[in-house]
Every structure is written in C-alpha cells, then in structure tokens.
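Colleague: From the sequence below, what's the structure:
(2 chains)
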Number of protein chains: 2
Amino acid sequence: MEIASNPTHEHFTRLALEQARLSLEAGNMPIGAVIVHNGIVVASGRNAIDHPSNDTQHAELAAIQSIAPFLAAHKRECALYTTLEPCMMCLGAIVNVGIEALVVGAPDQLVGALNLMRHGEYYEQKLASFQLLSGVLAADSQALLNEYVARTGLRKHLARDSQ
Amino acid sequence: MEIASNPTHEHFTRLALEQARLSLEAGNMPIGAVIVHNGIVVASGRNAIDHPSNDTQHAELAAIQSIAPFLAAHKRECALYTTLEPCMMCLGAIVNVGIEALVVGAPDQLVGALNLMRHGEYYEQKLASFQLLSGVLAADSQALLNEYVARTGLRKHLARDSQ
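Modeller: All right, here's what the predicted structure looks like:
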C-alpha cells in the first residue's frame, strides 16, 4: 500500500540522512536508516561496507540486526526510513522481520530491489502488505551520493547515481 | 552458470545438513549452510530465527556474516552450500559478498528467491556470474524439513515443504 508523505516522514528521513552523512565521513557511500516504533527512534544504521570491509553492513540491515529481538516482539509495528532504495539483501530482511511501513529517499535504479518483489507471488504479497513511500527528501539523499562520487571518483558507484 | 554435481558437492552439502540438524535440535526449522574456500570449510551457519527470536538469523546470512572481512578479501573465491534455496535476504547477501558458486539442496517454491533474480538487469547479471547448482541431496534436506513439520505441526511452514 502506498502512503503519502507528511512532516513526520520528513523528520525521520532527516535522521536517516544524518546517518548517511556519518557514512560519508567514514569514507563509505552515504546511506543511512532509522527504525521508528510509536514515534520513537529505536534503531539506526549506516552503510559501512568499505570501512571496515564488510559487504553486509548496509544501513538497513545494520539497523534491523541491532534490534532483531525487539522487531520479533513488535511485528508489523515499526517503520523503517532509508535514504536510498534497499538492495535485495536489505529488502529481504525488511520482509523477514515484518516491517509495517517502508519510507525510501532516493530510488536506486541499479541495485534497488523493490521492482523484483513484483515477480514472485510470496514477495508480491509481502510488498502489498506493508506501507510504502518513496522519494522523501530524495534530492538531499542524491546530493550526499553526488558528494561521495565527487570525492571518490569511483566509477562503480556512478551507476547508482540515478535520477 | 549451472554446474554439475560431484562427490565434493555432496560432501560439503552433508556438512550443511549437519548444521540443519543442529537447527532442528534447537527447535528451529532445519536449514544449514557452509562456506568453502580452496576446499576448506571457512564458515558455517544454521537457521536460528525462533530460538532465540531473530528473523535475520538464517543459515546463509549467519555463515556469511561470521566471516564477512574474509569474504571481502577473497571475492569470487568461495562456494556457499545451503540445504534450502535461499530467501531474498540471503540471496542478496550472497550477491553482495561476491560468492563464486552457490550449491543448493532442496528448492523452496514459496520463499526461494532465485527466480526473482531473473527480473532485474543487475541481479540477472549477478545470477549469470556465479556458478549455480540446485538439488544436491535434496531428499535428505526435505526429510529434515518434514521431520520439523511433523514435530511442530506448524501450518505456516507446510508451504515451504515443496517438492
């Protein structure tokens, strides 16, 4: 189910953007996430795949794993805010833990996996079962990503620099 | 790329099945995984989502995260053996860390995410880039899953009891 943006969504997305800024300062691609329960931030995470080297340390999975028992006790009660459309791994984790609402900043036309979910019955049902909002403060997220690309000049990340 | 089974694949799948057996003994759905580098098991993992409650503690992700820095240093050199077709989260992690070969026991026609990967250019290329083998000792994996269903009687897991 798609939902409309509002000041609350922008507020929590700004907190996710702060996490993304911390990623950038540590030399990583700037992506951040927070998890909210009853209006309170209960977890945060930021991309840290390059420093240190751990390709599973994505913002969303890191936030989820930091409070996995809490999420198991509060199924379908939490919202996850992320600055960039999740990859397959993180979106799968979001499905597995039963997030109620997913709020995305910038779309990721390369690695983003939201579209994949429309191609399997189980995942299509999951996609329909949570609230989804995309494009919240997308320009701010994109500006951080552009700053990373400008700093690193890494061509491999240019493809993620989607509109 | 699809690869053919051989005694080596069955040997490492048996080690993954031992992990699955440990899952079952702890009250979890029996799923196990091992990661192999140059013929040596460098990591193992088993499903532990129910005991304790952590919906990200899947066999494959647990094995991967236990040696994430090693995997980053040995991209495309490791094989992952799992007793059941990975879900979206675990398959995404397998993609992210750059596994060279994925050997699967039983297919999972509900939650298994291999098919999803054919529906997005980035993931389709990733799927084509690693070696894939499915059905190794599938009957042994299925027998363990059936034992779990018989023990727990949980209908929610029956749907994963695929042929």
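Colleague: Now name the helix or strand holding the most centrally placed residue in chain A.
Modeller: Residue closest to the average C-alpha location in chain A (CA atoms, centre = their mean): A:T82, at 2.8 Å. Element membership for A:T82 (DSSP states H and E) is strand A:78-84.
Colleague: That strand vs chain B: in contact?
Modeller: No. Strand A:78-84 lies out of reach of chain B by CB under 8 Å from any CB of the partner chain, never closer than 12.1 Å. From N, CA and C alone the C-beta is placed, and that goes for glycine too.
Colleague: Counting by contacts, list what whichever helix or strand comes after that strand packs against.
Modeller: Sequence order places helix A:88-97 as the next helix or strand after strand A:78-84, per DSSP H and E. With contacts taken as 3 or more CB pairs under 8 Å, 6 or more residues apart in numbering or on different chains; DSSP states H and E, helix A:88-97 sits against helix A:59-66, helix A:68-73, helix B:88-97.
Colleague: again, only this time at 7 Å
Modeller: helix A:59-66, helix B:88-97 (3 or more CB pairs under 7 Å, 6 or more residues apart in numbering or on different chains; DSSP states H and E).
Colleague: Okay, helices next: where are they in chain A?
Modeller: A:7-25, A:59-66, A:68-73, A:88-97, A:121-129, A:138-152, A:155-158 (DSSP state H).
Colleague: winner for burial among those helices?
Modeller: Comparing the helices of chain A by mean neighbour count (mean count of other CB atoms under 10 Å in any protein chain shown), helix A:88-97 comes out on top with a mean of 28.
Colleague: Now do it and helix B:121-129, the angle between them.
Modeller: For helix A:88-97 against helix B:121-129, the angle by axes from the mean of the first three to the mean of the last three CA atoms, to 10 degrees is 100 degrees.
Colleague: What mean pLDDT does helix A:88-97 get?
Modeller: In this model, helix A:88-97 has an average pLDDT of 98.
Colleague: on that earlier part again, go through the helices of chain A and name the closest to B:Q109.
Modeller: With CB to CB, the closest approach to B:Q109 among the helices of chain A belongs to helix A:121-129: 9.0 Å.
Colleague: Is there contact, residue-wise, from that closest one to chain B?
Modeller: Yes. Using CB under 7 Å from any CB of the partner chain, helix A:121-129 comes into contact with chain B via A:122-123.
Colleague: Give me the contact list for that helix.
Modeller: A:1, A:95, A:117-118, B:88, B:110-111, B:116 (CB atoms under 7 Å, 6 or more residues apart in numbering or on different chains).
Colleague: same thing but at 10 Å, please
Modeller: A:1, A:76, A:91-92, A:94-96, A:98-100, A:102, A:113-118, A:120, B:87-88, B:108-113, B:115-116, B:159-160 (CB atoms under 10 Å, 6 or more residues apart in numbering or on different chains).
Colleague: Check the offset of that helix from the chain's centre.
Modeller: Its chain's average C-alpha position is 18 Å from that of helix A:121-129, according to CA atoms, centre = their mean, to the nearest Å.
Colleague: Stretch A:37-57 now?
Modeller: Centre-to-centre, stretch A:37-57 and its host chain are 9 Å apart (CA atoms, centre = their mean).
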